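# here is the input, now give the coordinates:
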Amino acid sequence: MRYEKPLPQPTPISKKYWEGLRNHKLLLQRCKRCGINIFYPRKFCPNCLSEDLEWFEARGRGKLHSFTVVYSTGYPEFRKDVPFIIGFVRLEEGVNIISNIVGCELSDLKVDMDVEVVFDDVTEEFTLPKFRPVKGEKSS
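Numbering: from 1, shown residues only. Down below sits the predicted model:
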């Protein structure tokens with residue numbers, strides 16, 4: 001089956017992030033000067049402006065900070081997916097990521113619930129990160 005939705009356009013700065021996802025690893029950056037973790041991929045640290053950044057593998061777990069349900073879209077490629085859930089996830093590493101929430105019913109979602117990354121191999125070249133509730137754990 002052919003993937004018909006828009007695909008990412010990696011840049012030299014984000015290329016390693018997309019390669020990590022293809023290998024089912026959620027990679028983040030860390031500033032070697034001030035120590036903050038960074039997402040989305042950048043050339044400079046947003047805190048101290050250092051270019052001395054390194055990549056590391058995130059644990060892929062966090063809390064669902066907020067979410068919305070999309071019932072209607074102007075993008076024809078996404079119409080067959082409605083309704084779908086978009087969540088604002090705060091990873092344990094302290095960065096935020098916006099992504100789809102999958103693997104649950106809307107009635108199961110709660111702000112502050114524990115979530116974990118899952119990898120959606122949409123093509124041979126691209127894997128997208130999505131999040132699902134952590135199984136077998138109660139949210140705090």
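
# which residue ranges of the protein form strands?
Remark: strands assigned in the chain by DSSP state E are 27-31, 37-38, 53-57, 61-70, 84-91, 96-101, 114-121, 127-133.

# mean neighbour count and distance to residue 108 added to those, as a markdown table?
In short, each C-beta sits where N, CA and C put it, glycine included. Output for the strands of the chain, formatted as a markdown table (neighbours: other CB atoms under 10 Å; distance: least, CB to CB, whole Å):
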| stretch | mean neighbour count | distance to residue 108 |
| --- | --- | --- |
| strand 27-31 | 20 | 27 |
| strand 37-38 | 17 | 29 |
| strand 53-57 | 13 | 28 |
| strand 61-70 | 16 | 11 |
| strand 84-91 | 18 | 10 |
| strand 96-101 | 17 | 10 |
| strand 114-121 | 18 | 11 |
| strand 127-133 | 19 | 6 |
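
# so which of those comes closest to residue 8?
Residue 8 lies closest, by CB to CB, to one member of the strands of the chain: strand 127-133, at 8.1 Å.

# residue 41 against residue 16, yeah?
Yes. Using CB atoms under 8 Å, residue 41 is in contact with residue 16, at 7.3 Å.

# from the neighbour counts alone, determine which of these two ranks first.
Remark: of residue 41 and residue 16, residue 41 carries more neighbours, 19 against 14, as counted by other CB atoms under 10 Å.
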